[in-house]
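Trainee: sequence-free structure coming up:
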């Protein structure tokens, strides 16, 4: 029975505390209204964000002659040829996105 009374007191104190915080928040408006803050947002520039999606395909590098000769010692390795040095595909960066200024 005593815990029921304690629960009611705790709930009442919580409601009074929240009411006090709400009253303080409403009282600290300092005379500014929503229409006054709407005028200041008109002065700010508009920002448009563009998301650029690019897929970059990365290919594994071919084995060079040094690693092919050093790691293969089995009988089946005689027929394998390593790719020529410098034959790996070169990376060319994508052009920068074009943005319009208006």
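Mentor: Noted; the coordinates are in hand. Values in this document were obtained by computation on a predicted structure and should not be read as measured data. Residues are numbered from 1 along each chain as shown.
Trainee: Next one: residue 98 from residue 92, what distance?
Mentor: Between residue 98 and residue 92 the distance is 18 Å, computed by CB to CB, to the nearest Å. To be clear about C-beta, it is placed using only N, CA and C from the backbone, and glycine gets the same treatment.
Trainee: I meant to write residue 61 there.
Mentor: Distance from residue 61 to residue 92, counting by CB to CB: 17 Å.
Trainee: what's the answer for residue 13, then?
Mentor: For residue 13, the distance to residue 92 equals 69 Å [CB to CB].
Trainee: Those two: which is more packed in?
Mentor: With neighbours defined as other CB atoms under 10 Å, residue 13 and residue 92 compare such that residue 13 has more, 10 against 6.
Trainee: Could you list the low-pLDDT ranges of the chain?
Mentor: 1, 31-42, 64-88, 102 (pLDDT under 70).
Trainee: and the longest helix for this protein?
Mentor: The helix spanning the most residues in the chain, taking DSSP state H as the definition, is helix 2-27.
Trainee: Point out the other elements, helices or strands, that it touches.
Mentor: Applying 3 or more CB pairs under 8 Å, 6 or more residues apart in numbering; DSSP states H and E, we find helix 2-27 packed against no helix or strand.
Trainee: the helices in this structure, which residues?
Mentor: 2-27, 34-43, 65-71.
Trainee: Quick check: buried residues in the first one?
Mentor: Buried residues in helix 2-27, counting neighbours by 16 or more other CB atoms under 10 Å, are absent.
Trainee: Just give me the neighbour total for residue 62.
Mentor: Each residue near residue 62 was counted by other CB under 10 Å, and the total is 14.
Trainee: ok, it to residue 92 distance?
Mentor: Distance, residue 62 to residue 92, using CB to CB: 19 Å.
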